[in-house]
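Colleague: Curious how this folds, go ahead:
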Amino acid sequence: MLKYYREVGISTFPFVIVYRIYKQRKLIRIFSVFHTNQNPGKKYRQTQ
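Modeller: Numbering: from 1, shown residues only. As a prediction, the model looks like this:
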C-alpha cells in the first residue's frame, strides 16, 4: 500500500507532504504533513 503514496519536501521548512494521486477521479488526497524531526513511524499513521 505504501507504494501508492508520494512525498514532497518543503525546502524552506522541515516538513514533508505525503499524498496520493487518483488519476481517474482527477483527485489529489493529502494524507499527512509531517515534521521531519518526529518519529518516522508516525508519517503514515492516520488520525481519526
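
Colleague: And the helix or strand harbouring Val33, what does it pack against?
Modeller: Using DSSP states H and E, Val33 maps to strand 27-35. Packing contacts for strand 27-35, counted by 3 or more CB pairs under 8 Å, 6 or more residues apart in numbering; DSSP states H and E, involve strand 15-22. C-beta: built from backbone N, CA, C; applies to glycine.

Colleague: Neighbouring strands of the strand it packs on in the sheet, and parallel or not?
Modeller: strand 6-10 (antiparallel), strand 27-35 (antiparallel) (DSSP bridges).

Colleague: Report the contact partners of Ile17.
Modeller: For Ile17, the contacting residues are 7-10, 30, 32-34, by CB atoms under 8 Å, 6 or more residues apart in numbering.

Colleague: beta partners for the residue sitting nearest the centre point of the chain?
Modeller: With the centre of the chain defined as its mean C-alpha position, the nearest residue by CA atoms, centre = their mean is Val18, 0.9 Å away. Per DSSP bridges, the residues bridged to Val18 are Glu7, Ser32.

Colleague: Settle this for me: it is touching Phe34, isn't it.
Modeller: Yes. Counting by CB atoms under 8 Å, Val18 does reach Phe34; the two are 6.2 Å apart.

Colleague: quick revisit: just put the strands paired with strand 15-22 in CSV and tack on mean pLDDT.
Modeller: Formatted as CSV, the strands paired with strand 15-22 follow (pLDDT from 0 to 100):
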stretch, mean pLDDT
strand 6-10, 90
strand 27-35, 90
